[in-house]
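# turn this into a structure:
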Amino acid sequence: MRKIVSIILLSVIAIGIVLTLMKIPFAVPKTKVGAYYVDKGVGQTGAVNIVTSVVLNYRGFDTLGEVTVLFIAALGLGAVLATVKKKTKREIMPSSLVLSTGCKFLFPFILLFGTYIFIHGHLTPGGGFQGGAIIASGFLLIYLSCPKKRINEARFKVTESIAGLTFVITGILGLAFGGYFLFNFLPKGVANTLFSAGIIPIIYIAIGFKVGAELAGIIDGLMRISE
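Sure thing, here's the model as predicted:
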């Protein structure tokens with residue numbers, strides 16, 4: 001009986017998914033909203049990466065919410081880890097020669113690549129979240145190769161706070177100059193050049209540092225509690 005009921009429920013869910021997908025205009029080249037962004041995005045925002053113009057201009061307030069969610073997640077993890085009792089310290093096995101040597105060579109290039117990703121977010125695919133995650137992966141590599149190393153918590157918290165304030169202050173300035181949060185009030189420059197898109201590169205740099213610092217802090221907290 002349970003198998004029959006399960007099959008019926010799965011069938012109903014499958015039919016609902018199929019009917020929903022059938023109503024989505026996958027074959028339509030452009031929807032009205034999509035056509036508006038594609039046709040006017042570069043002129044209105046200066047960013048040739050249309051995804052960037054949507055994320056940081058047309059729906060910039062949502063992006064602030066996403067950054068806030070990440071901050072709350074990091075804060076929640078810190079609160080949880082603070083209540084966990086530390087066990088007796090275990091012996092940490094040293095990393096292999098390949099990992100320890102490769103880490104020293106790759107770490108600066110990982111940071112450079114992450115920085116490139118969020119600085120060029122308005123020109124190429126990528127942005128602050130992606131660049132910050134890449135930077136955090138570099139610190140994860142450091143922890144794997146040198147388990148006893150730890151980040152400077154004070155510096156990372158200052159970096160995270162300054163980046164968050166930069167995002168919010170830039171958004172409020174847009175509200176003051178243009179009437180809505182994250183209004184692109186700076187000159188948009190020439191499209192396809194590094195110094196273009198107004199406030200968008202500034203926002204992506206702030207997000208890159210904030211996400212990188214928060215994720216690295218989360219990794220550091222988990223490493224400390226596992227000792």
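# now do the contacts for the residue most central in space within the chain.
Most central residue of the chain, judged by C-alpha distance to the mean C-alpha position with CA atoms, centre = their mean, is residue 129 at 1.9 Å. The contact partners of residue 129, taken as CB atoms under 8 Å, 6 or more residues apart in numbering, are 66, 207-208, 211. The C-beta positions use only the backbone N, C-alpha and C, and glycine is treated the same way.
# now do the SS call for it.
Secondary structure of residue 129, reduced to three states by DSSP: H, G, I helix; E, B strand; the rest coil: helix.
# and the pLDDT at it?
Residue 129 is assigned a pLDDT of 91 by the prediction.
# and the furthest pair within the contacts of residue 129?
66 and 208 (13.7 Å; CB to CB).
# who's more crowded, these two?
Regarding residue 66 and residue 208, a neighbour count based on other CB atoms under 10 Å identifies residue 208 as having more, with 27 against 13.
# avg pLDDT for the helix or strand containing that one?
For residue 208, the element it lies in under DSSP states H and E is helix 200-226. Mean per-residue pLDDT for helix 200-226: 87.
# counting contacts, what elements does that helix pack onto?
Under the contact definition 3 or more CB pairs under 8 Å, 6 or more residues apart in numbering; DSSP states H and E, helix 200-226 sits against helix 50-53, helix 60-83, helix 97-119, helix 128-145, helix 153-178.
# what is the nearest of the contacts of residue 129 to residue 112?
Checking the contacts of residue 129 against residue 112 with CB to CB, the nearest one is residue 208 at 12.5 Å.
# how about the closest one, what does it touch?
Residue 208 makes contact with 114-115, 117-119, 127-129, 131-132, 135, 163, according to CB under 8 Å, 6+ apart.
# neighbour-wise, which of these leads?
For these, the largest number of neighbours (other CB under 10 Å) sits with residue 128, at 30 neighbours.
# looking at the contacts of residue 129, which is nearest residue 42?
Looking at the contacts of residue 129 and their distance to residue 42, the nearest is residue 207, at 21.1 Å (CB to CB).
# any chance of the helices and strands packed on helix 200-226 in a markdown table, plus distance to residue 41?
What follows is the helices and strands packed on helix 200-226, written out as a markdown table (distance: least, CB to CB, whole Å):
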| stretch | distance to residue 41 |
| --- | --- |
| helix 50-53 | 4 |
| helix 60-83 | 13 |
| helix 97-119 | 19 |
| helix 128-145 | 18 |
| helix 153-178 | 17 |
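# and residue 188, how far is that from residue 123?
Here residue 188 is placed at a distance of 13 Å from residue 123 (CB to CB, to the nearest Å).
# quick check: neighbours shared by these two?
With CB under 8 Å, 6+ apart applied, the overlap between the contact sets of residue 188 and residue 123 consists of residue 196.
# what comes into contact with stretch 185-205?
Contacts with stretch 185-205, where a contact means CB under 8 Å, 6+ apart, come from 42, 45-48, 52-53, 56-57, 60, 63, 118-123, 127-128, 131, 166-167, 170, 173-174, 177-178, 182, 184.
# do that again at 7 Å, thanks
The set of residues external to stretch 185-205 that reach it, using CB atoms under 7 Å, 6 or more residues apart in numbering, is 42, 45-48, 52, 56-57, 118-119, 121-123, 127-128, 167, 170, 173-174, 177-178, 184.
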